[in-house]
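Engineer: only geometry, no sequence info:
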């Protein structure tokens with residue numbers, strides 16, 4: 001396995017170099033550049049040259065290509081043209097966690113429910129539940145994503161007014177926040193404070209996932225159902241108490257003031273506002289991703305049920321639940337797990353429609369706005385991260401195959 005991983009890492013490096021070269025050439029060959037936003041017909045020629053020299057666009061193509069490659073190797077992604085002189089790395093590290101939390105949450109929820117329902121309808125083929133679920137799944141899987149997102153906004157945000165129409169935070173709430181813990185808010189609607197609170201939400205979600213995941217794995221070593229429920233329930237109770245104490249006492253206080261201050265706020269109020277804005281995008285993403293997982297699980301379950309080992313398991317007199325879960329569903333999990341892992345990586349740039357419609361300023365929104373403004377360093381930085389995630393996701397899927405199926409060996 002180690003030899004195979006080293007070989008794949010070499011292939012990843014080579015593929016990443018080719019990918020980065022193609023991205024650079026495509027951006028270089030397209031007409032226009034960022035200077036068109038600052039130059040008009042009355043701009044003197046010397047001023048035009050100064051602006052191009054400031055952005056490094058007056059250099060030969062080979063020198064620009066060398067600079068891009070050098071910056072990538074040294075982990076220096078350059079400076080944004082549009083937000084000059086802000087480094088691209090700062091933009092990526094600010095926007096990437098927003099996309100990660102949104103899409104990973106939706107992916108995990110859709111994977112769990114999609115696999116459970118797909119396993120059930122694949123096992124009970126011909127039942128009314130299968131027809132209803134299959135038709136609904138085909139509709140959700142083939143639906144035009146922007147139209148469906150707008151429909152969700154019109155129905156639940158505009159008509160019912162259950163959720164906010166758009167945005168990452170409430171613009172009427174955050175301008176009154178002057179300081180969160182030891183972070184001083186700026187004059188752009190509390191962006192610094194919002195990023196601080198969001199990063200703590202991301203950290204909390206990571207810790208909770210690790211604790212509950214570890215408890216679930218430990219519980220699988222016990223055969224008695226009551227013991228499993230006790231372990232998972234205890235972990236959940238400890239997690240809830242720990243999260244409440246952490247957000248109530250450990251992070252810090254919120255200071256409000258000025259003409260925009262409406263009421264006293266706590267850290268949980270600010271976190272709740274961000275989470276409130278996440279609900280509708282997550283529901284939309286979950287419905288779309290859920291359909292794909294459910295249909296793939298159903299198809300793989302139907303293929304597994306035709307295998308000889310299923311007939312042998314039934315001939316031994318095993319209960320239907322054991323045949324379904326330990327034999328059919330376990331083999332059906334292989335392609336579904338691959339779909340899940342690779343889908344997480346591709347969600348970085350596949351989030352363009354959702355983030356733009358919901359005005360969620362993540363990597364998808366950043367990639368689209370940078371392409372519109374011809375901000376080449378940010379485009380290259382965003383696409384490089386997408387390529388890296390996609391390549392390593394394929395490697396993780398291959399390793400996961402070997403862990404799930406003992407018959408697969410790479411040595």
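Structural biologist: On my side now, so go ahead. Predicted model, so just to flag it, every value in this text is computed and none were measured.

Engineer: check the offset of the longest helix along the chain from the chain's centre.
Structural biologist: Looking across the chain with DSSP state H, the single longest helix is helix 267-304. Relative to the chain's own centre, helix 267-304 is displaced by 11 Å; criterion: C-alpha atoms, centre = their mean, to the nearest Å.

Engineer: quick one: contacts of the helix or strand just after that helix?
Structural biologist: Once helix 267-304 ends, the next helix or strand along the chain (criterion: DSSP states H and E) is helix 308-315. The contact list for helix 308-315, computed with C-beta atoms under 8 Å, 6 or more residues apart in numbering, reads 304, 322-323, 327-328. Yep, even glycine has a C-beta here, placed from its N, CA and C like the rest.

Engineer: secondary structure class for residue 84?
Structural biologist: Here residue 84 is recorded as coil under DSSP: H, G, I helix; E, B strand; the rest coil.

Engineer: help me confirm that residue 138 comes into contact with residue 298.
Structural biologist: No: in this structure, residue 138 is not within contact of residue 298 by C-beta atoms under 8 Å, at 11.0 Å.

Engineer: so which of those two has more stuff around it?
Structural biologist: Legend: neighbour count by other C-beta atoms under 10 Å for residue 138 and residue 298, higher for residue 298 (24 against 12).

Engineer: any idea which helix or strand carries residue 68?
Structural biologist: Counting by DSSP H and E, residue 68 is part of helix 61-73.

Engineer: neighbours around residue 72, how many?
Structural biologist: Neighbours of residue 72 under the rule other C-beta under 10 Å: 18.

Engineer: then residue 195?
Structural biologist: Neighbours around residue 195, by other C-beta under 10 Å: 17.

Engineer: for it, what are its contacts?
Structural biologist: Contacts of residue 195 (C-beta under 8 Å, 6+ apart): residue 94.

Engineer: just residue 163 next, same as before
Structural biologist: Neighbour list for residue 163: 156-157, 276-277, 279-280 [criterion: C-beta under 8 Å, 6+ apart].

Engineer: helices of the stretch 301-411 of the chain, residue ranges please.
Structural biologist: When secondary structure is read from DSSP state H, counting those that start in this stretch, the stretch 301-411 of the chain shows helices at 308-315, 320-322, 329-350, 352-358, 363-373, 376-404.

Engineer: wait, which of the ones you listed is closest to residue 172?
Structural biologist: Closest approach to residue 172 among the helices of the stretch 301-411 of the chain is made by helix 352-358 (17.9 Å; C-beta to C-beta).

Engineer: for the closest one, packing partners?
Structural biologist: Judged by 3 or more C-beta pairs under 8 Å, 6 or more residues apart in numbering; DSSP states H and E, the packing partners of helix 352-358 are helix 88-123, helix 145-152, helix 267-304, helix 363-373.

Engineer: looking at these, which is closest to residue 19?
Structural biologist: Across the helices and strands packed on helix 352-358, closest to residue 19 is helix 363-373 (C-beta to C-beta), at 15.2 Å.

Engineer: how far off centre is the closest one?
Structural biologist: That offset, for helix 363-373, works out to 16 Å (C-alpha atoms, centre = their mean).

Engineer: next one: stretch 103-116
Structural biologist: On C-alpha atoms, centre = their mean, the centre of stretch 103-116 falls 12 Å from that of its chain.

Engineer: what's the answer for stretch 5-20, then?
Structural biologist: Distance of stretch 5-20 from the chain centroid (C-alpha atoms, centre = their mean) equals 23 Å.

Engineer: how about that stretch: buried residues?
Structural biologist: Residues 8, 12, 16, 19-20 are the ones in stretch 5-20 that count as buried (16 or more other C-beta atoms under 10 Å).

Engineer: now tabulate those residues in TSV and tack on secondary structure, pLDDT and distance to residue 352.
Structural biologist: As requested, the buried residues of stretch 5-20 are exported to TSV (DSSP: H, G, I helix; E, B strand; the rest coil; pLDDT from 0 to 100; distance: C-beta to C-beta, whole Å):
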residue	secondary structure	pLDDT	distance to residue 352
8	helix	74	29
12	helix	79	25
16	helix	80	22
19	helix	80	19
20	helix	81	20
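
Engineer: which one of those sits closest to residue 230?
Structural biologist: Nearest member of the buried residues of stretch 5-20 to residue 230, counting by C-beta to C-beta, is residue 8, at 41.2 Å.

Engineer: relative to residue 23, how far out is that closest one?
Structural biologist: Separation of residue 8 from residue 23 (C-beta to C-beta, to the nearest Å) stands at 22 Å.

Engineer: pLDDT weak spots in this structure?
Structural biologist: 1-2, 4, 29-60, 186-191, 258-262, 320, 325-327, 345-351, 400-411 (pLDDT under 70).

Engineer: 90 - rerun?
Structural biologist: Low-confidence segments of the chain (pLDDT under 90): 1-152, 155, 157-210, 212-233, 235, 242-279, 281-411.

Engineer: hang on, the earlier thing: which strands or helices does the helix holding residue 68 pack on?
Structural biologist: If contacts are counted by 3+ C-beta pairs under 8 Å, 6+ apart, helix 61-73 sits against helix 2-29.
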